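Enquirer: quick one, fold the following:
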Amino acid sequence: MFRTLQLFRQSSSKLTRLPVRASSDITNKFEDQSIRSRRGERCLNQVTLLGRIGGDPLVVGANDNIVKFNLATNDYYRVQAPQEDPDDDPNEEGWRQITSWHQVVVFRPSLRNSVSRYATRGKRVLVTGRLEYRRYEDPETNKMIQRTSIVADDVVYLSRTEDIDGE
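Expert: Sure, this is the predicted structure:
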């Protein structure tokens, strides 16, 4: 397809034919470059979240080898114009809070035991890990479902036990 392609450049008043490589030459050149770049390239898939646990962790899997929990993180934005939310005072200006929910999945055995034992609803934690995208078909509705979760590498507990119990 590219072998018959003719490219022309207009210089002043005449057209000049430009040399064109065959498509196989171009493809081979890009393949060589991509192989070289893959060897020296570094990628990073890292997530750090600081928030509160939304519910007690669930132990799931065939051999109870997965622990899942939801983590809530908050973000704030300033409102200067009146809102159309009926719950808000239309003349009130100030800060609003947005809560985002993240599903955290723990596979590592030592971390899995720690999370299932110490993580409880409302505890403040710092989670580091990586993003994972899963796609599967729901057997009941036969629809494709896409899930994004954080595979935890480390969970640091920032709440003291008496902070949660004493509220």
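
Enquirer: who does the helix or strand where Asp75 lies pair up with?
Expert: Secondary-structure element containing Asp75, defined by DSSP states H and E: strand 66-79. Using DSSP bridges, the strands paired with strand 66-79 are strand 47-53 (antiparallel), strand 58-60 (antiparallel), strand 94-106 (antiparallel).

Enquirer: put the alpha carbons of the first one into PDB.
Expert: What follows is strand 47-53 as a C-alpha-only set of coordinates in PDB (Å, rounded to 0.1, in the frame of the first residue of the first chain):
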ATOM      1  CA  VAL A  47      -0.700   4.700  44.200                       C
ATOM      2  CA  THR A  48      -0.600   6.300  47.700                       C
ATOM      3  CA  LEU A  49      -3.900   7.000  49.400                       C
ATOM      4  CA  LEU A  50      -4.500   8.500  52.800                       C
ATOM      5  CA  GLY A  51      -8.100   8.000  54.100                       C
ATOM      6  CA  ARG A  52     -10.500   6.200  56.400                       C
ATOM      7  CA  ILE A  53     -11.700   2.600  56.100                       C
END
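
Enquirer: show me what counts as buried in stretch 45-55.
Expert: Residues Val47, Leu49, Gly51, Arg52, Ile53, Gly54 are the ones in stretch 45-55 that count as buried (16 or more other CB atoms under 10 Å). Where you see a C-beta, it was placed from the backbone N, CA and C, and this is true even at glycine.

Enquirer: picking that back up, mean pLDDT added to the strands paired with strand 66-79, as JSON lines?
Expert: Formatted as JSON lines, the strands paired with strand 66-79 follow (pLDDT from 0 to 100):
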{"stretch": "strand 47-53", "mean pLDDT": "96"}
{"stretch": "strand 58-60", "mean pLDDT": "93"}
{"stretch": "strand 94-106", "mean pLDDT": "92"}
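
Enquirer: for Arg135, which of those strands is the nearest?
Expert: For the strands paired with strand 66-79, the distance to Arg135 is smallest for strand 94-106, at 14.6 Å, taking CB to CB.

Enquirer: could you save the strands paired with strand 66-79 as JSON lines and add columns showing distance to Leu71?
Expert: Listed next are these as JSON lines, based on distance: least, CB to CB, whole Å:
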{"stretch": "strand 47-53", "distance to Leu71": "5"}
{"stretch": "strand 58-60", "distance to Leu71": "13"}
{"stretch": "strand 94-106", "distance to Leu71": "5"}
